[in-house]
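[1] can't give you the sequence, but here's the structure:
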């Protein structure tokens, strides 16, 4: 079969605000056994891209007739894909319910148009399952593909990065003079502290937190914080404080390490960071 006979039916693309370029390349779409047989038998072709896949058809008659015939003979009116996740920290840095166990499912019958574009956003549905072999599932229904001609459908899946309370624990092993320490940033995010705490190891630490400011996690640093020893004459304004810089450019959270603080209103997700001075 010549390549020129193929028509592109759809693109499926996954985006995530955690990543610097927003393209999420850790979700992989695997045809179910039944869908795989349909694709091979009727000459469909999948082209895998970094953040999703393209689907091509090579119909011997009209696309609508071909899809109707498949529906009748295969007793299935959709293409189905299991979604596999290759990043073990995905559920931690993604804005999904805390401690969620189950499947994240998508269907072409549950879409909405992006404003002023032909892109269709696939809406997410969560299915509770104590033991899930895959991250989720995607179904593309034939009925939604019948009118495709020279304009393939773009199905878009979007995720938001989880926002957490950032916590800096400073363990002063070298008795470094810290008369008036602050965590500061050139911006609107201010840290609360210091608070004297005792770690589970028995070590003493100074704790600074972003308090009610939940900061989105990210693949690369988007926020820069410094630890300074503020001069006595600089007042209480952390943003404009001056003093000796102790650490310039504090680390960002390890996304594989989050804590959950339970309270009556909602669970508070925190990102602890331990820094030895």
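    Sure thing, it's come through. Keep in mind that this is a model prediction, so the values were computed, not measured.
[2] Please count neighbours and contacts with C-alpha atoms only from this point.
    Will do.
[3] show me where pLDDT drops low in the stretch 1-150 of the chain?
    Across the stretch 1-150 of the chain, residues meeting the criterion (pLDDT under 70) sit at 1-4, 115-116, 149-150.
[4] one more time with 50
    1-3 (pLDDT under 50).
[5] Which parts of it are strands?
    According to DSSP state E, counting those that start in this stretch, the stretch 1-150 of the chain carries its strands in the segments 7-16, 27-31, 45-49, 52-57, 78-85, 102-113, 120-128, 136-141.
[6] Please name whichever of the ones you listed is nearest to residue 172.
    If you check each of these against residue 172 by Cα to Cα, strand 7-16 wins as the nearest, at 37.3 Å.
[7] For that closest one, enumerate the helices and strands it packs against.
    strand 52-57, strand 153-159 (3 or more Cα pairs under 8 Å, 6 or more residues apart in numbering; DSSP states H and E).
[8] so which of those strands gets nearest residue 38?
    strand 52-57 (11.5 Å).
[9] re the thing from before, for residue 193, which of the strands of the stretch 1-150 of the chain is the nearest?
    That would be strand 7-16 among these, by Cα to Cα, at 32.1 Å.
[10] Quick check: end-to-end length of stretch 159-174?
    Start-to-end span of stretch 159-174 (Cα to Cα, to the nearest Å) is 43 Å.
[11] follow-up on the earlier one: out of the strands of the stretch 1-150 of the chain, which gets nearest to residue 265?
    strand 120-128 (21.8 Å).
[12] hmm, back to that, would JSON lines of the strands of the stretch 1-150 of the chain with distance to residue 72 be doable?
    Listed next are the strands of the stretch 1-150 of the chain as JSON lines, based on distance: least, Cα to Cα, whole Å:
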{"stretch": "strand 7-16", "distance to residue 72": "20"}
{"stretch": "strand 27-31", "distance to residue 72": "20"}
{"stretch": "strand 45-49", "distance to residue 72": "21"}
{"stretch": "strand 52-57", "distance to residue 72": "18"}
{"stretch": "strand 78-85", "distance to residue 72": "11"}
{"stretch": "strand 102-113", "distance to residue 72": "19"}
{"stretch": "strand 120-128", "distance to residue 72": "26"}
{"stretch": "strand 136-141", "distance to residue 72": "14"}
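[13] Generate JSON lines for those strands, with mean neighbour count and distance to residue 69 as supplementary columns.
    Below are the strands of the stretch 1-150 of the chain laid out as JSON lines (neighbours: other Cα atoms under 10 Å; distance: least, Cα to Cα, whole Å):
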{"stretch": "strand 7-16", "mean neighbour count": "20", "distance to residue 69": "17"}
{"stretch": "strand 27-31", "mean neighbour count": "19", "distance to residue 69": "20"}
{"stretch": "strand 45-49", "mean neighbour count": "13", "distance to residue 69": "18"}
{"stretch": "strand 52-57", "mean neighbour count": "19", "distance to residue 69": "14"}
{"stretch": "strand 78-85", "mean neighbour count": "19", "distance to residue 69": "12"}
{"stretch": "strand 102-113", "mean neighbour count": "17", "distance to residue 69": "20"}
{"stretch": "strand 120-128", "mean neighbour count": "17", "distance to residue 69": "26"}
{"stretch": "strand 136-141", "mean neighbour count": "19", "distance to residue 69": "14"}
